[in-house]
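> Have a look; sequence and predicted model below, questions after that.
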Amino acid sequence: NDSHNTACIEKEIAVIEAEISELEDNMRSAKFAIETYNEALSEMQKTYIPQTAKRASEILSELTHGKYSGITIKGGKIAIKDKDKNIMNFASISKATCDQIFFSLRLAISEITENKISTPLVLDDIFLNYNETKASQLLKFLTEYSKKSQILIFSNHNQVLNLAGNDESSIENINMISMKNRI
């Protein structure tokens, strides 16, 4: 009876040791995955964040005619600099300017990550918070940008149609479809 109990206990120990070994293998795999992820994240931050900040700064400066000169990204936080390199408080920036900042960041990320494959730029109600001046500036920027990428703009506001149809605008190869009377 003792030998039978001993055999059962030894069998249970063997099963538990096998489970421990499997858990240790899983733990090593998980640690390796975490280390690999952290290394990749660190490399992406070193590579993409400076490029994103630089390109977004260029776009924002162009959109605002130099009123805002830079975007910095550190520790996941975004700072905006005015033309005199002073850091701006987001509370003092209009919603439309915040939209310009967000647009600049999105476009910069899109450009950096597209890997030389031209992808269309899809914008949905991008002009929503813009006054006529800012909307016109963005439309002119997009007109120039459309020389290297297709742009699709969706909006339920006539502001875009009015600006694009303005005689002063030098927009070519633009197709506008109004769904207003088509449904």
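Everything's here; your move.
> roughly how far apart are A33 and E39?
The span separating A33 from E39 equals 11 Å under the rule Cβ to Cβ, to the nearest Å. Quick note: C-beta positions are derived from backbone N, CA and C, even for glycine.
> which SS class is K147?
Here K147 is coil, with the state taken from DSSP: H, G, I helix; E, B strand; the rest coil.
> Grab the nearest non-local neighbour of E62.
Once its chain neighbours are removed from consideration, E62 has its nearest residue in F141; the separation is 6.1 Å (Cβ to Cβ, 6 or more residues apart in numbering).
> show me what contacts that neighbour?
F141 makes contacts with 59, 62-63, as judged by Cβ atoms under 8 Å, 6 or more residues apart in numbering.
> can you tell me the helix or strand for it?
helix 132-145 (DSSP states H and E).
> partner strands of the next helix or strand after that helix, parallel or antiparallel?
Beyond helix 132-145 on the C-terminal side, the first helix or strand identified by DSSP H and E is strand 151-154. Strand pairing for strand 151-154, using DSSP bridges, gives strand 121-124 (parallel).
> So what touches the strand it pairs with?
With contacts defined as Cβ under 8 Å, 6+ apart, strand 121-124 is touched by 107, 110, 142, 145, 149-155.
> could you dump it to CSV, C-alpha only?
In CSV, the C-alpha atoms belonging to strand 121-124 read as follows (Å, rounded to 0.1, in the frame of the first residue of the first chain):
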residue,chain,number,x,y,z
LEU,A,121,-5.9,61.2,-47.9
VAL,A,122,-9.5,60.9,-46.6
LEU,A,123,-10.9,63.9,-44.7
ASP,A,124,-14.3,64.0,-43.1
